[in-house]
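Q: Build the 3D model from these lines:
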Amino acid sequence: MDTEKAQKIVESLGVVEVLYNGAPVWIENLDGEDAEVRYLETGDHLLVPVAELVEGGSIGGEGTLEL
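A: Numbers count the residues shown, from 1 in each chain. Here you go, the predicted structure:
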């Protein structure tokens, strides 16, 4: 994923599935080419390269970001 796409996801009102190494994560913060993410299953935080994040799709109704 590129940093522009990651920023759009962070700013969106909807919920967009994002994966890191196949696991669902929530983007907490962006810092240049890096993203602080939280694993949805464990709550653990990790700093990862934005380029290694994968968009999985949009979830939910109103406010969902169409990317």
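
Q: mind listing what's buried in the longest strand along the chain?
A: Ranked by residue count, the top strand of the chain under DSSP state E comes out as strand 23-31. By neighbour count with 16 or more other CB atoms under 10 Å, strand 23-31 contains the buried residues 25, 26, 27, 30. Bear in mind the C-beta positions are built from the backbone N, C-alpha and C, glycine included.

Q: packing partners for the next helix or strand after that strand?
A: With elements assigned by DSSP states H and E, the helix or strand that comes after strand 23-31 is strand 34-39. Under the contact definition 3 or more CB pairs under 8 Å, 6 or more residues apart in numbering; DSSP states H and E, strand 34-39 sits against strand 15-20, strand 23-31, strand 45-49.

Q: Make TSV out of the buried residues of strand 23-31 and add distance to residue 55 and pLDDT.
A: Shown next, in TSV, are the buried residues of strand 23-31 (distance: CB to CB, whole Å; pLDDT from 0 to 100):
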residue	distance to residue 55	pLDDT
25	11	96
26	13	96
27	11	96
30	15	96
